[in-house]
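# only the shape, not the letters, is given here:
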């Protein structure tokens, strides 16, 4: 199953944001990578470069490679509503992202691993497909045998921030995908219109 496995701090420094989650190395070196770092003079980026950068940031943030991301864009462009907003909603509806939003992992890559290792259930059935599109009303939970795992217990003990479109029950380790999030509810710092403009060329 394809995924990005390269250096994450370097990518975060490239975008100037900790897009992969908490990163102490990024906090220490919050400037572009390379030999000259902050001293390097960078010319004004072209319109295409800015759009491409935004698309790459979105892909790295959600842990999606080009082909999947392109398919999501095409699905968004065929649907009703604003294409850029629908694109982010589709990204937010991925099972690995929902597991991450529930706070079962501190990163999307960690959430993806929980899914692929068969620790997560959807409506009572084990599902190991990170890209599965969660639907409104779906109940996502931790498999009974996995509830005693240290990583699950530690994650559940933290005071995780809740999102308006999700409902989590820490006692049963189950959560419900209540509704499709509005753009204003999605916290990611992504200018989705630039992505739409790039793919529309």
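On my side now, so go ahead. Nothing here was measured: the structure is a model prediction, and the numbers come from that model. Numbers count the residues shown, from 1 in each chain.
# all contacts plus neighbour counts: C-alpha atoms, from now on.
OK.
# tally of neighbours for the closest residue in space to residue 183 that isn't next to it in sequence?
Once its chain neighbours are removed from consideration, residue 183 has its nearest residue in residue 85; the separation is 5.9 Å (CA to CA, 6 or more residues apart in numbering). Other residues within reach of residue 85 by the criterion other CA atoms under 10 Å amount to 20.
# what's the offset of the helix or strand where residue 85 lies from the middle of its chain?
Assigning secondary structure by DSSP states H and E places residue 85 in helix 83-92. Helix 83-92 has its average C-alpha position 11 Å from the chain's average C-alpha position, going by CA atoms, centre = their mean, to the nearest Å.
# other SSEs contacting the helix or strand following it?
With elements assigned by DSSP H and E, the helix or strand that comes after helix 83-92 is helix 95-101. For helix 95-101, the packing partners by 3 or more CA pairs under 8 Å, 6 or more residues apart in numbering; DSSP states H and E come out as helix 108-116.
# gap between the helix it packs on and the chain center?
Offset of helix 108-116 from its chain centre (CA atoms, centre = their mean): 11 Å.
# list the buried residues in it.
Applying a neighbour-count criterion of 16 or more other CA atoms under 10 Å, the buried positions in helix 108-116 are 108, 109, 111, 112, 113, 114, 115, 116.
# turn those residues into TSV, columns for pLDDT.
Written out in TSV, the entries for the buried residues of helix 108-116 read as follows (pLDDT from 0 to 100):
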residue	pLDDT
108	89
109	88
111	93
112	94
113	95
114	96
115	97
116	96
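# where exactly do the strands run in the protein?
Counting by DSSP state E, residue ranges of the strands within the chain are 120-122, 125-126, 139-142, 166-169, 174-177.
# hmm, who's touching the shortest one?
The one in question is strand 125-126. Taking CA atoms under 8 Å, 6 or more residues apart in numbering as the criterion, the residues outside strand 125-126 that touch it are 118, 119, 120, 143.
# the first one now?
Residues outside strand 120-122 that contact it (CA under 8 Å, 6+ apart) are 114, 126, 127, 128, 138, 139, 140, 141, 142, 143.
# the second one pairs with what?
Going back to what we said before, that points to residue 126. residue 121 (DSSP bridges).
# now do it, the pLDDT please.
Looking at residue 126, its pLDDT reads 96.
# how near is it to residue 53?
Taking CA to CA, to the nearest Å as the criterion, residue 126 is separated from residue 53 by 36 Å.
# residues in contact with the residue nearest to residue 183?
Shown in contact with residue 85 (CA under 8 Å, 6+ apart): 182, 183, 192.
# can you give the domain ranges for this structure?
Structural domains assigned to the chain are 8-90+189-199, 94-179, following automatic domain parsing.
# determine which stretch of these is the most buried.
Burial among those, expressed as mean neighbours by mean count of other CA atoms under 10 Å, is greatest for domain 94-179, which shows a mean of 18.
# span of that one from start to end?
Counting by CA to CA, you get 13 Å between the two ends of domain 94-179.
# distance from it to the middle of the chain?
13 Å.
# contacts for stretch 164-182?
Residues lying outside stretch 164-182 but in contact with it, judged by CA under 8 Å, 6+ apart, are 85, 89, 92-93, 102, 134-142, 147, 156, 162, 185.
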